[in-house]
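[1] just need the structure, nothing else, for what follows:
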Amino acid sequence: MINQHPSAPVEAEYVWPRQRLVGLQNFAHRAAQNPLTRPFARVIEIIIRLVFSATLPASVAIHRSVHFGHNALAVVLNPMVVIEEGCQIGSHVVMGGKAPTIGAPHIKRNVIIHTGAKLIGPITIGEGSVVGANAVIVKDVPPFCVAVGVPGKIIKQGIDPSDYQP
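    Reported below is the predicted structural model:
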């Protein structure tokens, strides 16, 4: 824990403490790679669903530094989702596919996705971007942009991600 005044700037190297939820999902992800331990991965998925009220399939690639607000309450992820390091994801976020198209969202580094956002289809959210609360994103979001609304629109480009950190 960093002992500093709340108004003091936070250093860029600071990484959120690893959550038990992410650790469990990462363990399930590794277990799902081996046919002998695949049933154990499914048990962990069920435990995550019951304890955290989140659907995080073992096949999802989530970097260990990802932080889920409120322990991923009501977060639902498609099995093909990829979430890179340093991302912050709010509660009630859905990242799903778009039938009949195969694929799911790919979230690049240091993206912030606010509560209730829906990311649909094989899209990419660029590095350092911010997705607003309750936005519905169905197209790619370029790096360092803010996307809001239904359907999602880019309202700001060339942002500094540190301006949007909690």
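[2] report the longest helix in this protein, please.
    helix 38-52 (DSSP state H).
[3] counting contacts, what elements does whichever helix or strand comes after that helix pack onto?
    From helix 38-52 onward toward the C-terminus, using DSSP states H and E, the following helix or strand is strand 61-62. With contacts defined as 3 or more Cβ pairs under 8 Å, 6 or more residues apart in numbering; DSSP states H and E, the packing partners of strand 61-62 are helix 20-32, strand 82-83. C-beta coordinates here come from the backbone N, C-alpha and C atoms, glycine included.
[4] weakest of those by average pLDDT?
    Note on those: lowest mean pLDDT is at helix 20-32, with a mean of 91.
[5] that one vs helix 38-52, what angle?
    160 degrees (axes from the mean of the first three to the mean of the last three Cα atoms, to 10 degrees).
[6] which helices and strands sit right next to helix 20-32?
    Using 3+ Cβ pairs under 8 Å, 6+ apart: helix 20-32 touches helix 38-52, strand 61-62, strand 67-68.
[7] identify, out of the ones you listed, the most deeply packed stretch.
    strand 67-68 (a mean of 22; mean count of other Cβ atoms under 10 Å).
[8] buried deepest among the helices and strands packed on strand 61-62, which one?
    Mean neighbour counts for the helices and strands packed on strand 61-62 (mean count of other Cβ under 10 Å) peak at strand 82-83, with a mean of 21.
[9] pull up the pairing partners for that one, direction included.
    strand 61-62 (parallel), strand 106-107 (parallel) (DSSP bridges).
[10] next helix or strand past it?
    Immediately after strand 82-83, counting by DSSP H and E, sits strand 88-89.
[11] what is the helix or strand just after that following strand packed up against?
    Later in the chain than strand 88-89, the nearest helix or strand by DSSP H and E is strand 94-96. Other helices and strands packing on strand 94-96, by 3+ Cβ pairs under 8 Å, 6+ apart, are strand 76-77, strand 118-120.
[12] tell me which of the ones you listed sits nearest to V22.
    strand 76-77 (12.2 Å; Cβ to Cβ).
[13] that older thread, need the helices and strands packed on helix 20-32 in TSV (columns: distance to I155).
    Shown next, in TSV, are the helices and strands packed on helix 20-32 (distance: least, Cβ to Cβ, whole Å):
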stretch	distance to I155
helix 38-52	32
strand 61-62	28
strand 67-68	24
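[14] where does the prediction get shaky in this protein?
    Counting by pLDDT under 70, the chain contains low-confidence residues at 1-18, 166.
[15] gap between the residue nearest the centre of it and N78?
    In the chain, the centroid-proximal residue (Cα atoms, centre = their mean) is I89; its distance is 4.6 Å. Distance from I89 to N78, counting by Cβ to Cβ, to the nearest Å: 14 Å.
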